[in-house]
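>>> What shape does this take:
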Amino acid sequence: LRSPKPMPWSVTAMAMVFCTCNSYSQARSLTMYVEYPEDWLSHPRTIIGMCIFATGLYLNHQCDEILRNLRKPGETGYKI
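Just a heads-up that it's a prediction; the model follows:
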């Protein structure tokens, strides 16, 4: 799935800077400033959140597969 036009290096650089800052701030927050109770993994809110995440991940992969299969070999356009 390649575009015929190259992506500008500035877009790539900005994405890398954003991802680096975002991951640092989230990791710092989760490891330094938040105190979790010992049973947080078995808390219903955590379990429900994990189930919602897993469902979304599964559905995203399924939809991506469907979209990839809409294009026949050699086609370059999009259709739904």
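
>>> How about stretch 50-57, which residues are buried there?
By neighbour count on 16 or more other Cβ atoms under 10 Å, the buried set for stretch 50-57 is empty. C-beta here means a position set from N, CA and C on the backbone, and glycine is covered the same way.

>>> Is the spatially most central residue of the chain part of a helix or strand, or is it coil?
Of all residues in the chain, the one closest to the mean position by Cα atoms, centre = their mean is Leu57, 8.6 Å from it. Using DSSP: H, G, I helix; E, B strand; the rest coil, the structure places Leu57 in helix.

>>> Quick one: residues contacting it.
With contacts defined as Cβ atoms under 8 Å, 6 or more residues apart in numbering, Leu57 has no neighbours.

>>> can you give me how far the helix or strand of the chain with the lowest mean pLDDT is from the chain middle?
The least trusted helix or strand in the chain, going by mean pLDDT, DSSP states H and E, turns out to be helix 44-70, with a mean of 94. Computed by Cα atoms, centre = their mean, to the nearest Å, the chain-centroid distance of helix 44-70 equals 11 Å.

>>> likewise stretch 18-30?
With Cα atoms, centre = their mean, you get 15 Å for stretch 18-30.

>>> now swap in stretch 60-76 and tell me
Here stretch 60-76 is found 19 Å from its chain centre; the criterion is Cα atoms, centre = their mean.
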